[in-house]
Every structure is written in C-alpha cells, then in structure tokens.
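Q: the following comprises the amino acid sequence and a computationally predicted model.
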Amino acid sequence: MADWGNIPNDIATIIAEHLLFLEDFEAFGFVCSGWRTAAKQAKFRANVDIFSPSSPKPKSVWLMLPELDDTSNQRRFYSLYNRKVRTANLPLSSNPNNSDIRLLSSHGWLLSVAEDSDNLCIVNPLSNAIINLPKFRFWNHLLGGFSYYTCYGVTLFEKFILSGNPSLSSDFTIALVLAEPYANLCCRHEIISFWRNGNHQWEPLLEDGGLDDFVNFYNDIIFYKGNFYSVDDRGIIWCYELDHSGCPHERVVADLKTQLPDDYSPYVFELNVDNGEAKSVPNLGDVAIFVGCNSSFSAKASSAHGIKHNSIYFTDDYRPAHDSGRRLKSKSRGFIEMGIFSLTDENRHQLDFVEQPHFSEYAPYMWLEDPSL
C-alpha cells in the first residue's frame, strides 16, 4: 500500500493546488506535517494563479452562529459546503469591561465593536488579520452636530459594507449605517458614514442635508460597480459617489414604491441604475441571494457547492436600535426567522443544519462570504 504521507513535497503541493475550497485546503493540511507545509505553499500559489481575475474563484458561504455569551471572542461558523461547524478565537475589539460585542459581516470580514468601548476594527475570521478603524463621530440631536463618544453603544451599528475584500487589495472603502444615539424610537434617524482606507476620519452624509424632515431608515446598502447604493424605508434608491478625497455625494436613482407590488410576498426585481426602471425577475437561474444582518450578496450555485440555485437565503433582519419589541418576542418564544425561499416552488424551506435556534441581539445568525487568506 502506498504511503501517501511520504510523497515528495512538490507533488503534494500540486495536489493541493487543485483543491478549490478553503475547507478542503484545511482538511488536506490535517493529514500530516508534510501535507500541512504543502497546503500552506499551495494556498499562496492558488491565490496568485488559479484564482486570478480571469478565472472565477469558487466560493464557499458560511453561516456565523450566535453564542450564548456575547462577550466571548470564540465564534462558530457553519459551512454550507461540507456541512461542518468550525470554531475560531477571533482578535475582536478591545473589551476591557467584558461587555457585549456587536458583529456585522461583509466580504467575509467582521466589523467588531464592544459595548463599553470606542474601539472599532474589522477582522478576518480565517487569518485573524485585523484592521483598526478611526474613532467614530455620532450625530448629536441636542447639539445639532457630530460628537465623539467614549463608548459607542453596539446596538447603534446597523449595517457594515465593504467595497471590496481587504485581503485582496488595500484600495477599499467602508460604509456604515448607524442609528442616532439617545433618541426615542419614534424619531430616531439613521446616518451613513464612509471611510476610505488610509484616511484619518470618517465622512458622514446626511440625507437631504439634515434630519428634521422625516425619519430615515435604511433597509439595506450595497456596493455595485464603483458606487454605494441604499434603499430607505420609503422605497427610494440612493446612489453615493465618493470623490477623490473620500467625501460622498448622493443622488436619487429610483422610487421603488411606484414600481413594486404593495404586499409582503417575496419578489425579485432587477434595477437599471441608469434609468431607475425595475424589471421583474421570475427566475434567478444559477444564482442564490443571501440577505439578513450581513451585507447582501449573491453566489452562483455551480461554483459554490452546497448552495441551492434560484433561491433566497435569509436570516432574521433584527435591528436592535429599532426592533426592541421583536427582541422580547424572540427571547420569550425562541422565534428566529431564518430559512431558504425557493423561487422554483415558491415555498420556504428549512436550513439543513441541526441546532436549537438561539437569539442574539449583538451577533445573530449571519451569512459570510468566503474570506480569502
């Protein structure tokens, strides 16, 4: 019988270079020390050669699972590819008072902020790479301006969006959707702020130049073809273009309330960002869409094993700054809104992992794209 553990390192490296998923890379490295060395070399070569821009990279999708202890640096990730849970100890935000930690995801990275701290960072859960972010200013309703706070209040952080993967390029921008602190729920506003890597401060943007006309609630925000786009509670799509200094400039793209059905059934529409017209898409084909507390993204089922095509994967979109009533319902009844909606049969399906649903206000169930090492 062949002794596969003693095959030459260069041959083991070639074998590892043909493994397309990070989960397989890790399993390969667990065989023996020789294969572990080969896997480390192959990961570097794969990032440079196989996963080049001219060759689409296969994608894994993970589901971050909530913990019973929201102060812990230990987090668990369920892979849709191999249906296994991995545990990681993450270098999260400085947490001197052992307080709750808020986590949000984008491009496989996690935004981390502790309740009793003004430290903010993003973390790669695979490599443990960490990027510290500048101090943040919140809108102060009483002063009518922006102020620094010694502690942020983690429930104010609603959405975190990266323009690209920091593992692959240092040219990236972050957009944050934040709720106004110390305001009543009935009159709380949300503000979007931007930070371009290398800048010394965040650049906030106030819709319509102020906060007095109406309540702003951003349902989601994405990055698409060089610009950020958001949809607010009135169904208006906004585009944010950043100038050379990183300052945002906004414009209205479309008013969806005049174009979309007025009910709660799941629909998919394709928006033309040039003319603002929305077109119904009855079938996603090979694509699956992932929505929830994470930044929304899509993946091709043919290149992301374990994913069902023509489907919408969703987790609870609980917003702690606005949904305090839902929090009580979730905790008392164990209610977690999560599953897969198939556009093929127009039915909702259960996720195939076995775990008693657990509600977390700070780090709930959350989709993660495969972070590159």
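A: Received it, and whenever you're ready, just let me know what you need. Residues are numbered from 1 along each chain as shown.

Q: alpha carbons only for contacts and neighbour counts from here, please
A: Noted.

Q: tell me how the chain divides into domains.
A: 4-50, 61-369 (automatic domain parsing).

Q: so, low pLDDT: which residues of the stretch 151-300 of the chain?
A: 151-155, 180-188, 206-216 (pLDDT under 70).

Q: all strands of the stretch 51-200 of the chain, in order?
A: In the stretch 51-200 of the chain, the segments counted as strands under DSSP state E, counting those that start in this stretch are 61-65, 74-79, 85-89, 101-106, 109-114, 120-123, 130-132, 137-140, 145-148, 157-162, 173-179, 190-196.

Q: which residues in this protein form helices?
A: Counting by DSSP state H, the chain has helices at residues 9-17, 22-29, 33-45, 324-333.

Q: give the buried residues for the first one.
A: Going back to what we said before, that points to helix 9-17. Across helix 9-17, burial judged by 16 or more other C-alpha atoms under 10 Å covers 9, 12-13, 16-17.

Q: and the residue lying closest to Ile101 once chain neighbours are set aside, how far from Leu68?
A: Closest residue to Ile101 apart from its sequence neighbours, by C-alpha to C-alpha, 6 or more residues apart in numbering: Ala114 at 4.4 Å. In this view, Ala114 and Leu68 are 16 Å apart by C-alpha to C-alpha, to the nearest Å.

Q: surely Ser79 touches Val61?
A: Yes: here Ser79 reaches Val61: they are 6.3 Å apart, a contact under C-alpha atoms under 8 Å.

Q: mutual contacts of the two, please.
A: Residues touching both Ser79 and Val61 by C-alpha atoms under 8 Å, 6 or more residues apart in numbering: none at all.

Q: hang on, the residue nearest to Ile101 packs against Asp100?
A: Yes: at 5.9 Å, Ala114 and Asp100 qualify as touching, with contact defined as C-alpha under 8 Å.

Q: higher neighbour count, those two?
A: Each of Ala114 and Asp100 has its neighbours counted (other C-alpha atoms under 10 Å); Ala114 has more, 28 against 20.

Q: can you tell me how far the more buried one is from Arg348?
A: Ala114 is 35 Å from Arg348, by C-alpha to C-alpha.

Q: beta-bridge partners for the closest residue to Phe157 other than its chain neighbours, please?
A: Counting by C-alpha to C-alpha, 6+ apart, Leu178 is the residue found nearest to Phe157 once chain neighbours are left out, at 4.8 Å. Applying DSSP bridges to Leu178 yields these beta-bridge partners: Phe157, Ile191.

Q: show me what contacts Asn310?
A: So Asn310 contacts 283-288, 342-344 (C-alpha under 8 Å, 6+ apart).

Q: at 10 Å instead, please
A: Shown in contact with Asn310 (C-alpha atoms under 10 Å, 6 or more residues apart in numbering): 282-289, 300-301, 341-345.

Q: from Asn128, how far out is it?
A: Counting by C-alpha to C-alpha - Asn310 and Asn128 are separated by 33 Å.

Q: cool, His358 as well?
A: Applying C-alpha to C-alpha to His358 and Asn128 gives a distance of 25 Å.

Q: show me the shaky parts of the stretch 1-150 of the chain.
A: Confidence mapping of the stretch 1-150 of the chain against pLDDT under 70 gives the ranges 1-5, 17-30, 39-58, 93-99, 115-118, 138-150.

Q: if you set the cut-off to 80 instead, what comes out?
A: 1-59, 68-72, 92-100, 114-119, 136-150 (pLDDT under 80).

Q: re the thing from before, hmm, which two among the buried residues of helix 9-17 are most spread apart?
A: Pairwise distances across those (C-alpha to C-alpha) peak at 12.2 Å, for the pair Asn9 and Glu17.

Q: mind checking which of the strands of the stretch 51-200 of the chain is nearest Asn227?
A: Comparing the strands of the stretch 51-200 of the chain by C-alpha to C-alpha, strand 173-179 comes nearest, at 10.1 Å.
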